[in-house]
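Student: Build me a model:
(chains A, B and C)
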Amino acid sequence: MVAVNVRDLTFTYLGSQTPSISDLTFSIDAGEFVILTGPSGCGKTSVCRCLNGLIPHFYSGDLQGDVHVCELSIREKPTSELARKVGLVFQNPENQLFSLSVERDVAFGPENLGLPRAQTRERVEWAMEVTGISDLRDRAPYELSGGQQQRAAIAAVLAMKPEVMVLDEPTSFLDPKSAAEILHVVHDLNRKLGITIVLVEHRLDLASRYADRVIIMDRGKIVLDGKPSEVYNERAHMIGVGIPRITLLAQLLEKDGMSFPMIPLTVDEASAALRRSFGA
Amino acid sequence: MIRTETLHFAYPTGLEVLRGIDLEIGDSEFVAIMGENGAGKTTLIKHFNGLLKPSRGRVLVDDVDTAKISVASISRNVGLVFQNPDHQLFCETVREEVAFSLRNFGYDTETIERRTRSILETLDLTQYVESSPFTLSGGERKRVALASVLAWNPKHVILDEPTIGQDYQQKDRLRNFILQLVSQRKTVIIVTHDVEFVAECKPRVILLSRGAIVADGPARKILTDKALLNECSLIPPQISSLMHSLTDLDLSQDVIDVYTARACILEAFRRER
Amino acid sequence: MSIRILEGFKFTKLPTPLHRLDPRPKFLLTIGLFTVALLFTNLYALLTVLLVQIPLVVVAKSTRRWLRSMKGGAVLAILILVMNFITGATFTFSLSMTIRFLALMSSFSIFFMTTSPDDLGLALENMKVPYTLCFTFTTAVRLVPTMAVDAQTVIDAQRSRGLELERGNLLRRVRNYVPILIPLIVDAIRRSVELAEALESRAFGTSERREPLITLKMKSLDYLTILVTVAFVAVSIYINLYVPLPTLDIPIRMPRIWPWMS
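Tutor: Numbering: from 1, shown residues only, chains lettered A, B, ... in the order given. As a prediction, this is how the structure comes out:
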C-alpha cells in the first residue's frame, strides 16, 4: 500500500516570490522508514507541512500538484481528518504540550476526536507504555527533561493512532544520549507497530541505521533518493549534508586503496569491515 | 584571564546548581564546556559576565571581582552570545541591531558606522544591512546576533550552544569562524553538547556534571573516555568509538577526527603488508 | 513589589485537602468569603473574615506565599486607608475598608494557589463554557511561567549587550524597556504559531462533544464545603441584620476641609 504519494508538488508561501519546494515527485510505501535531509532552507519543513495538511489549510499560498496521504488528498480533506492518519511531531517539545499533566496531554488528541472516555483511556495507556513514560503520567511537562518531553509529544501523537508519523528534527534540542533514545523509540514504532516514518534529521550518524531510504533535498528539489549507503556519496557531501563520520572515513580509505564491500553506516559495521581488510 | 575560586551558586528557590567550581581560563585559550542538560553550563557562563553573582566564592575576570562591578562594565571585555537570537533581536534593521550594542558602550557615531560595516562584512551579512532582522532565516539571525556582540570587539567571547539547529555547512562555517577568532588571540568559550563538532575543533574540554567539574583536559583525551562521557549523557565521537573497537589492531587510542583516523589506519594497514 | 503579589496567585501542586477540593465548591467558598467581606462594614466583623482565612492558608501549606502576597498588597492597602481618611471617613472606617480589601484579595489568593488551571478549565467546561474558551484560559495560565523564564533570558541577553536598566531618568528607563518588550512579543507570537500548528495537527476543534479523560467528581469533603459556605453566609447575613456588633472608636480625626464633612 502506498502511504504517501506526492506528484509535481510545488508550493509558494503567500507573500513570497519563489517557491520553497518545486516539482517534487516521490512515493513512500506503508511501513517504510524514510529520512528526509538537506541543508537549511531546502524545503524539508514545507514538505512536512504538506504531509498533514498544514499546507494548504494553515499556511496559505500557491499549491500546485498533488499530495495523497493514506489515499486522502490534502487539498480536499481538512487537517482534522488528515490528523487521524498522519501525526506530526515538531522540533520544540515545549510548544506541543499544553496541559499540566502528561496524561492529559496524551489524551488531548483522542478527546478532540470525540472518542468515548473508555477508548481514550485505552489509547492513552497504550501510547504511554509504548513510549515508556507511564510513570510520568502525573508530571507537568515543564518538569520533564527535553528527552522526556519529546517522548510525551510522540505519545500524544501516537494516541491518535496514525498510520504515518512525520517528525521534524525532533532531536534538535536534545543531548546526544536523549537523541539516541528518541530515535530508538521511533524505530520501535516503525518495526513493531508498522507505522510509516518520515524523519527530518541532521543527525545522520544516529539516525541512518534505522532508515530504509534517505531523500536529500537542496533548494526545494529532490537531489538524491535511495538507500543510505547509496546516497551518502561525494555529491551529498558537496551539497552540505553531514554524512556520518565513519561513512566519510570509509569513503576516504577506499580512495586510498582499501576495499569495502559495503559502505558502513554504524561504528559496528565500520569496525567489522576494517577487521576484514586487516585480515584479523 | 577568567578565574573562579570555589564558586558555589544556588538559585533563590534553594536549588544548588554549582558546587565548588575552581577553574582558570587563560587569555586566548579555546575551551568547550560540556555536560548534560542541567549540569550547570549556562549558569556557569552567566557568572563570567556578571549576570549571576556567586552565592559563595569568587569569579575574577582580568583580576576584577565580578561581584563588585556592573554587568555592562564586564561586558566590555566579555561578549556573551545567547543560544536563541530571537531573545535579543528587536530593531528595524540589521544595522541598528549592531549599532545598539555599540551605542550602549558609548562609541561615537563615526566609530559605530565603521565597526558596523566591518563586522557585517566579516560575517557575510553586508547585503542585509538595511533588512529587518525578522525577515532573515534562522541561520542568518544567528549571525546577526553574533555580529552585534562581536561589534565591540570583546577580548573574551562566549557562545552558548552555537550549533543547535544548524546544518552541516553552517557548522563548518562556524568552526572556521571560531578558529579565526582564536587566531586573533581572543579567548573563545563554547558551551555545547555537540561532540562531533568539538571533535573537529579540538579545544580544551571542561566536563561538567551536576554542578561540579569532572574532567578538564585536551579534547582527544576527554572525548575518548567512554565511561566519563556516558556519565554526562554524551556519546563519544564515532571515530573514537571506532578506534576503541579496534584496540587489538594496535591503533592509536586518542584519535577523534576523520583525517587523523585515516592517516592512522592507512599507516597500520601498510605496516601489516 | 508587584511581582510579589503575583506569587500569591500562582498554583503549586501540594497534597493538601484544600488542593484536593473540587474547584466548584472551592469557588463557592471564595465567593462566600467575598460576599461576607462586602456585607460588613464593622471592623471586628471584617477582621474575623480575614482571620478565618488563616487556618485555610495553613492547611493549604501556603503560608509563606500568602504572606508575601499580603505584603505585596500592602501598598494598595495603605492607599485605601489614606484615601478614605483624607476624604473624611473616620479612622475606624478607613481601617475597616483596608481590612476588607485584604480579605477580598486573600480569598481569591487562596483559590488560585490551590486550584490547578487544568482543573479550573475542567470546571468551566462542566459549566458549559465553550471548550475553545476554556482551553484559551488554561493555556494562557500554563504559559505564564514559561514566558517569565523567557523574559528573564531576554533581560540577560540585552544586559550582556551593555543595556543598563537601572540607569537614567524616568523617560530613559521606560525607553530601555523597548529592547525587552519587542523580543518578548515576537517570542509570544512565534510560540503561539507553533502551538497553533500543534493544535491543528491534533485535530483541535473537530468534535463538538468532548469526553475529557479526567473528570471532576464531587466527594464528601466537597459537599461539606458547600454546606459550610452556605451556613457561613446565612449566619453572616443574620448577624449583619439583627445582631449589634461592638464598635471601636479611634480618636484620630481629619480636619474639616471638605464640604460633606460633619
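Student: List, one by one, the residues from the stretch 51-200 of chain B near chain A.
Tutor: Listed as neighbours of chain A in the stretch 51-200 of chain B under the rule CB under 8 Å from any CB of the partner chain: B:137-139, B:164-172, B:193, B:195-196. (Each C-beta comes from the backbone N, C-alpha and C, glycine too.)
Student: so what's the backbone phi/psi at A:Val89?
Tutor: Phi and psi for A:Val89, reported as degrees, to the nearest 10, are phi -110, psi 130.
Student: show me the contacts for it.
Tutor: A:Gln96, A:Gln150, A:Ala153, A:Ile154, A:Val157, A:Met165, A:Val166, A:Leu167, A:Asp168, A:Pro170 (CB atoms under 8 Å, 6 or more residues apart in numbering or on different chains).
Student: hmm, 10 Å instead?
Tutor: By CB atoms under 10 Å, 6 or more residues apart in numbering or on different chains, A:Val89 lies in contact with A:48, A:96, A:150, A:153-154, A:156-158, A:165-170, A:182, A:186, A:199, C:198, C:201.
Student: To what extent is C:Lys26 buried, counted in neighbours?
Tutor: The number of residues packed near C:Lys26 is 24, by other CB atoms under 10 Å in any protein chain shown.
Student: which ones are touching the residue of the stretch 101-250 of chain B found nearest chain C?
Tutor: Nearest residue of the stretch 101-250 of chain B to chain C, counting by CB to the nearest CB: B:Asn104, 3.0 Å away. Counting by CB under 10 Å, 6+ apart, B:Asn104 makes contact with B:Ala72, B:Ser75, B:Arg76, B:Trp152, C:Gln158, C:Arg159, C:Arg161, C:Gly162, C:Leu163, C:Glu164, C:Asn176, C:Pro179.
Student: 8 Å instead, please
Tutor: B:Ala72, C:Arg161, C:Gly162, C:Leu163, C:Glu164 are the contacts of B:Asn104 under CB under 8 Å, 6+ apart.
Student: Kindly reformat those as TSV containing secondary structure and pLDDT.
Tutor: Formatted as TSV, the contacts of B:Asn104 follow (DSSP: H, G, I helix; E, B strand; the rest coil; pLDDT from 0 to 100):
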residue	secondary structure	pLDDT
B:Ala72	helix	92
C:Arg161	coil	93
C:Gly162	coil	91
C:Leu163	coil	91
C:Glu164	coil	89
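Student: related to what we said a few turns ago, drop anything exposed from the contacts of A:Val89.
Tutor: A:48, A:96, A:150, A:153-154, A:156-158, A:165-170, A:182, A:186, A:199, C:198, C:201 (16 or more other CB atoms under 10 Å in any protein chain shown).
Student: Quick check, C:Leu248 in contact with C:Tyr44.
Tutor: Yes - using CB atoms under 8 Å, C:Leu248 makes contact with C:Tyr44 at a distance of 7.2 Å.
Student: Buried residues, stretch A:30-46. List them.
Tutor: Applying 16+ other CB under 10 Å to stretch A:30-46 flags A:31-46 as buried.
Student: For the chain, which residue occupies the most central location?
Tutor: Reading this off chain A. With the centre of chain A defined as its mean C-alpha position, the nearest residue by CA atoms, centre = their mean is A:Leu199, 1.6 Å away.
Student: let's do chain B instead
Tutor: B:Ile190 (1.1 Å).
Student: my guess is that residue meets B:Ile164, correct?
Tutor: No - assessed by CB under 8 Å, B:Ile190 is found out of contact with B:Ile164, at 11.6 Å.
Student: What score does C:Arg4 have for pLDDT?
Tutor: With respect to pLDDT, C:Arg4 scores 58.
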